[in-house]
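A.B. asks: give me the fold of what follows.
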Amino acid sequence: METVRPEKLSEFIGNTQVRKQLEIVLTSIKKQSELCPHIIFYGTAGTGKTTLSRIIANELGNPIITITGNTIKNQIELANLLNDMFCLYEETKKNVILFIDEIHSITAAKELDQTVWFPLLEDFTFYNNLQGKRWEDRGNLVEGTNNEAKIPPFTCIGATTNITDLDPALRRRFHLQLFMQPYTEEELSLIIKQNAGKRNISITEESCLNIARRGRYTPATALSYLQNCYHYMIAHDLQTIDDAVVNASMELMGIDSEGLKWEDRKVLQTLAEFEKGLGMMNLAGSSGIPKDVLTEMVEPFLKSKKFLATTTKRIITQRGLEYIRGGQTT
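C.D. replies: Below you'll find the model as predicted:
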């Protein structure tokens, strides 16, 4: 049973300021039949960036193509993408929305200078050196002169966990740059309740909040936990997700009452032995947790819980010490 995403802006819970900004922009676009401006959503993973992109497409009635930034490595792959967009425009007669997840990764393409995106986003012109070369040409890319190709106007929506990874010149091509904040437990509880209702899953109010407390401040995580609780309920021939189901399911996953996983607790236990702190590489070596996992998953969450502070080193806070020495494991 798949998670059901909200389809309308009015159904989107959390990030109220972002939602209100989008309401104004979309209302204006609809009234004047304008092209939606390019948008970047940035913030912690799992906070609804992809969901909002789909909502925008749905609200405007525009077709959407979704890619990740690292899939476009050279001009040929970009030309093929533009051909797909042109085909979709010809089929629907509507401006296409191109959603690029992890948009910062387009800057890592060694065979595709990111400056090729500047005129593409500004003037919908693809300057290339593909003349006389073979590629998977679908025969729909409108070719101009001097290695130029014009395509119908489109909207680019990007998502990234760190907007500063994008070149400033590329960032400036995006009119709206919207920060997605972490969610409160109350917002997550409402999202869980909404999602369960759409899927006809019986769940108590208390259990929604129980899951939300462990949801690491992101809807994607909270809804994945709801899914695990649903599987536990079905496997045990139960009718409702209650606190007993949530607690048992979370215990199986090794997630305690504060939402910490094994790797989170291991980091705190390690830092408790080095109260003056450790550098990232020393922490990775001492805890046995890979550096990428530490920087992308563990550290942001522990900092949000105020269990961890960072200077030139990673230092456990008094709150973190009290937590780990209190022996919370369930």
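
A.B. asks: just the buried residues of stretch 239-251, please?
C.D. replies: 241, 242, 245, 246, 249, 250 (16 or more other CB atoms under 10 Å). All C-beta spots, glycine's among them, are computed from the backbone N, C-alpha and C.

A.B. asks: show me which pair in those is furthest apart.
C.D. replies: Maximum pairwise distance in the buried residues of stretch 239-251, criterion CB to CB, is 12.9 Å, between 242 and 250.

A.B. asks: let's see which of the buried residues of stretch 239-251 end up in strands.
C.D. replies: Within those, no residue falls in strands by DSSP state E.

A.B. asks: which one of the residues you listed is nearest residue 195?
C.D. replies: residue 241 (11.8 Å).

A.B. asks: need the residues that contact stretch 295-314.
C.D. replies: If you take CB atoms under 8 Å, 6 or more residues apart in numbering as the criterion, stretch 295-314 is touched by 44-45, 161, 182, 216-217, 258-260, 263-264, 267-268, 271, 276-280, 283, 289, 315-317, 319-320, 323.

A.B. asks: now list the buried members of the residues you listed.
C.D. replies: 44-45, 161, 182, 216-217, 259-260, 263-264, 267-268, 271, 277-278, 283, 289, 315-317, 320, 323.

A.B. asks: just the ones of the residues you listed in strands?
C.D. replies: 315, 316.

A.B. asks: how far off centre is stretch 20-33?
C.D. replies: 23 Å (CA atoms, centre = their mean, to the nearest Å).

A.B. asks: stretch 176-184 now?
C.D. replies: Relative to where its chain is centred, stretch 176-184 has its mean C-alpha point 10 Å off (CA atoms, centre = their mean).

A.B. asks: please point out which parts of that stretch sit buried.
C.D. replies: Quick answer for stretch 176-184 (16+ other CB under 10 Å): 178, 180, 182, 183.

A.B. asks: start to end distance for it?
C.D. replies: End-to-end span of stretch 176-184 (CA to CA, to the nearest Å): 24 Å.

A.B. asks: 179 is where my numbering starts, stick with that
C.D. replies: Right, with 179 as the first residue, what we last looked at is stretch 354-362.

A.B. asks: now do that stretch: everything it contacts.
C.D. replies: Taking CB under 8 Å, 6+ apart as the rule, stretch 354-362 contacts 192-193, 196, 199-200, 203, 215-222, 225-227, 341, 349, 369, 393, 395-397, 400, 482.

A.B. asks: buried among these? Make that a PyMOL selection.
C.D. replies: Those of these that count as buried under 16+ other CB under 10 Å are selected in PyMOL with:
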select buried, resi 192+193+196+200+203+216+217+218+219+220+221+222+225+226+227+341+349+369+393+395+396+397+400
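
A.B. asks: in strands only, show me the contacts of stretch 354-362.
C.D. replies: Here DSSP E is the test, and these give 217, 218, 219, 220, 221 as lying in strands.

A.B. asks: just checking, the fourth one touches residue 335?
C.D. replies: No. Applying CB atoms under 8 Å, one finds residue 220 not in contact with residue 335, separated by 11.6 Å.

A.B. asks: low-scoring stretches of this protein, by residue?
C.D. replies: 179-181, 309-324, 505-508 (pLDDT under 70).

A.B. asks: ok, which stretches of the stretch 279-428 of the chain are strands?
C.D. replies: In the stretch 279-428 of the chain, the segments counted as strands under DSSP state E, counting those that start in this stretch are 303-305, 326-328, 333-338, 354-358.

A.B. asks: return the most buried member of those strands.
C.D. replies: Comparing these on average neighbours per residue, with mean count of other CB atoms under 10 Å, the densest one is strand 333-338 at a mean of 24.

A.B. asks: which residues does it contact?
C.D. replies: 213-220, 227-228, 231, 234, 240, 247, 273-282, 299, 344, 352.

A.B. asks: buried subset of those residues?
C.D. replies: Among these, the ones that count as buried by 16+ other CB under 10 Å are 214, 216-220, 227-228, 231, 234, 240, 247, 273-282, 299, 344, 352.

A.B. asks: can you tell me which of these end up in helices?
C.D. replies: Taking DSSP state H, the ones among the buried ones among the contacts of strand 333-338 that sit in helices are 227, 228, 231, 234, 299.

A.B. asks: redo the ones in strands among the contacts of stretch 354-362 as TSV? Include distance to residue 253.
C.D. replies: Below are those laid out as TSV (distance: CB to CB, whole Å):
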residue	distance to residue 253
217	25
218	23
219	27
220	27
221	31
